[in-house]
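Trainee: Give me a 3D structure for the following:
(one chain, ligands or ions: 1)
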Amino acid sequence: MRRKVTKAIFPVAGLGTRFLPATKSVPKEIMTLVDRPLVQYAIDEARAAGIKEFIFVTSRGKSALEDYFDHSPVLEQELRKKGKDDLLEILKDTNMDSGAIAYIRQHKALGLGHAVWCARRLIGNEPFAVMLPDDVIAAETPCLQQMVEAYAETGGNMVAAMEVPPERASAYGVLDVQEDMGSIVQVKGMVEKPKANEAPSNLAVIGRYILSPSVLTNLNKMKSGAGGEIQLTDAIAADIGTDSTVYGYRFRGQRFDCGSKAGFLQATVAFALARDDLRDDLSRYLRDVVQQDKAAE
Ligand code: G1P
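Mentor: Predicted structure coming up:
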């Protein structure tokens, strides 16, 4: 029997400089799509996939993130007194079971691979997931759940994958495809942020991974790669040709790059339009804006 994936690493140590000045005091992962922080979307997705242990790799200045997942007795008492059961219910989602959540500090910003490596002792010798909260994926079946189901068949290492316009490939980890089986591809190489025209394909890695513990062993000896950082992509690629195969998984769903302002705004609109309490007002407003825009042309 293949071992179940019950642990997930959330690398959240980044400075979020693209969102300055907001990120001067608010961790990027706490910024909200409508009324839920980015990180809440990631946690919900992880839970749906059967994750029981949540490991956050943090850095200085992220205490708001720790507070977010803590119980808030004064607030809860106040809401209870006022009979606001609906709000209490919303808060419940943010409370984690005692001991289910762990925070590890990444003391130096040495890259995504290094951040994941920082959590090695909490993972031990079992497969684990990595989720990058910047990548928000709207899907009927949450992306990590799709991957866990596919992984139950394949084992090995699995990364979420998506076709991107070729001129955008250099912003991603890119897969060199050995065999394309449709939703699953077997990978013969991976390149982190290839130079323009050097990308082996336009199939990009998106921030969801199910990894074998051997990737952590690979990270022990990993040298810095693209951008002078220790890259997770390189450590996964180092598993190719060993016992542990690497697969790309073309997920069903829409991915938003919430690490960029445009992506963040698109996600905000998409998630707001999916909400019964906001859809009508917002779509009317958007229609008006588009019409005015057209009239001005
Ligand atoms: C990271 C990974 C990259 C992946 C991307 C997906 O890059 O290193 O392989 O394609 O996330 O969002 P970053 O966007 O943090 O530079």
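Trainee: contacting residues for whichever residue of the chain sits closest to the ligand?
Mentor: Here the chain gets closest to the ligand at one residue, residue 173, 2.5 Å apart by Cβ to the nearest ligand atom. For the C-beta atoms, the positions are set from N, CA and C on the backbone; glycine is no exception. By Cβ atoms under 8 Å, 6 or more residues apart in numbering, residue 173 lies in contact with 159, 190, 191, 192, 193, 204, 205, 231, 232, 233.
Trainee: partner residues bridging it?
Mentor: residue 192 (DSSP bridges).
Trainee: Helices - which of the contacts of residue 173 land there?
Mentor: 232, 233 (DSSP state H).
Trainee: got TSV for the contacts of residue 173, with distance to residue 86 too?
Mentor: Shown next, in TSV, are these (distance: Cβ to Cβ, whole Å):
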residue	distance to residue 86
159	38
190	46
191	48
192	45
193	45
204	40
205	39
231	44
232	40
233	43
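Trainee: which of the contacts of residue 173 are buried?
Mentor: 159, 190, 191, 192, 193, 204, 205, 231, 232, 233 (16 or more other Cβ atoms under 10 Å).
Trainee: I'd like those residues laid out as a markdown table, including pLDDT.
Mentor: Below are the buried ones among the contacts of residue 173 laid out as a markdown table (pLDDT from 0 to 100):
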| residue | pLDDT |
| --- | --- |
| 159 | 98 |
| 190 | 96 |
| 191 | 96 |
| 192 | 95 |
| 193 | 96 |
| 204 | 97 |
| 205 | 98 |
| 231 | 94 |
| 232 | 97 |
| 233 | 96 |
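Trainee: who in the stretch 51-200 of the chain is up against the ligand?
Mentor: 112, 132, 135, 172, 173, 192 (Cβ under 6 Å from any ligand atom).
Trainee: Touching, the last one and residue 235? I think so.
Mentor: No. Taking Cβ atoms under 8 Å as the definition, residue 192 is not a contact partner of residue 235, at 10.2 Å.
Trainee: before we move on, back to that, quickly check the residues of the stretch 51-200 of the chain next to the ligand for the two that are furthest apart.
Mentor: The span of those, defined through Cβ to Cβ, is set by 135 and 192 at 15.5 Å.
Trainee: Keeping just the C-alphas, turn the lengthiest helix in the chain into PDB.
Mentor: In the chain, with assignment by DSSP H, the single longest helix is helix 279-296. Only the C-alpha atoms of helix 279-296 are listed here, as PDB (Å, rounded to 0.1, in the frame of the first residue of the first chain):
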ATOM      1  CA  ARG A 279     -22.300  38.600  -8.000                       C
ATOM      2  CA  ASP A 280     -25.100  40.900  -9.100                       C
ATOM      3  CA  ASP A 281     -23.600  44.200  -7.800                       C
ATOM      4  CA  LEU A 282     -20.200  43.500  -9.100                       C
ATOM      5  CA  SER A 283     -21.100  42.200 -12.500                       C
ATOM      6  CA  ARG A 284     -23.400  45.300 -13.000                       C
ATOM      7  CA  TYR A 285     -20.400  47.500 -12.100                       C
ATOM      8  CA  LEU A 286     -18.000  45.600 -14.400                       C
ATOM      9  CA  ARG A 287     -20.500  45.800 -17.300                       C
ATOM     10  CA  ASP A 288     -20.800  49.600 -16.800                       C
ATOM     11  CA  VAL A 289     -17.000  50.000 -16.700                       C
ATOM     12  CA  VAL A 290     -16.500  48.100 -19.900                       C
ATOM     13  CA  GLN A 291     -19.300  50.000 -21.600                       C
ATOM     14  CA  GLN A 292     -17.800  53.400 -20.600                       C
ATOM     15  CA  ASP A 293     -14.500  52.100 -21.800                       C
ATOM     16  CA  LYS A 294     -15.900  51.200 -25.100                       C
ATOM     17  CA  ALA A 295     -17.800  54.500 -25.400                       C
ATOM     18  CA  ALA A 296     -14.500  56.400 -24.800                       C
END
